[in-house]
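**Student:** pasted the sequence and its predicted model underneath.
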Amino acid sequence: MQAFRSHYGIMLPIDRDNVDTDAIVPQRWLITVERKGLGKGLFGSWRYDEAGRDHPDFILNRPEYANASVIVARSNYGCGSSREHAVWAHLDYGIRAIVAPSYGSIFYENCLKNGLLPVVLAEDKVNGLIGQALAGDGSGLAVDLESNQLTGPDGMVYDFTMDAGRRRSLLDGQDDIAATLTQRESIDIFEVWQRRTNPRLG
């Protein structure tokens, strides 16, 4: 997965609680296991009308947020079903980080396993960032995982924390498979030993 160290991007405010994974990437975009192309389905039911035309009032379709790459959201973001496509859609669109007071637990884990940084920040601080983002003036947010800090458009600095092991994996760009393969030599030695001591296991 792509490493995450620091990123600066325009904020996209999703000013709703309990945004579930069906809203993030609706069912009709789940016919593929490919990660590419899913960005078109991000918030698809809110973003398009029945004819597939852009809803002009939906925030993602407003020109001032066209290049947004950091979502600032309300509580319980990514709740609902476990579809990994929800994370893939964010990444394919170009979203690199999300800031919210809380997340659906499975969505949060899927973010970490795919290189999308989910920052947990206190609700009052998120309220302030959403207010700045809703101003629609292209306000940006700096996200620094090396220092565990966010810097808002007004210069305010916010500290955040996360599990040390997960943080290290994101900094190194190492998913669970890559982490396992760092132990390849030990795995090979074990497999040789296993074949000798338990040949019936193959």
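**Tutor:** Ah, there it is.
**Student:** for the most centrally placed residue in the chain, give me its contacts.
**Tutor:** By Cα atoms, centre = their mean, the mean C-alpha position of the chain lies nearest to Leu116, the distance being 3.4 Å. With contacts defined as Cβ atoms under 8 Å, 6 or more residues apart in numbering, the neighbours of Leu116 are 87, 90-91, 95-98. For glycine as for every other residue, the C-beta is placed from the backbone atoms N, C-alpha and C.
**Student:** can you put these in a markdown table and add pLDDT?
**Tutor:** A markdown table is the format used below for these (pLDDT from 0 to 100):
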| residue | pLDDT |
| --- | --- |
| Val87 | 96 |
| His90 | 97 |
| Leu91 | 97 |
| Ile95 | 98 |
| Arg96 | 98 |
| Ala97 | 98 |
| Ile98 | 98 |
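**Student:** out of those, which are inside strands?
**Tutor:** With DSSP state E as the criterion, strands contain 97-98 from among these.
**Student:** which of the contacts of Leu116 count as buried?
**Tutor:** With neighbours counted using 16 or more other Cβ atoms under 10 Å, the contacts of Leu116 contain these buried positions: 87, 90-91, 95-98.
**Student:** could you export those residues as a markdown table, including distance to Lys40?
**Tutor:** Conversion of the buried ones among the contacts of Leu116 to a markdown table gives the following (distance: Cβ to Cβ, whole Å):
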| residue | distance to Lys40 |
| --- | --- |
| Val87 | 15 |
| His90 | 12 |
| Leu91 | 13 |
| Ile95 | 13 |
| Arg96 | 18 |
| Ala97 | 21 |
| Ile98 | 19 |
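**Student:** Arg74 - how many residues pack around it?
**Tutor:** Neighbour count for Arg74, taken as other Cβ atoms under 10 Å: 19.
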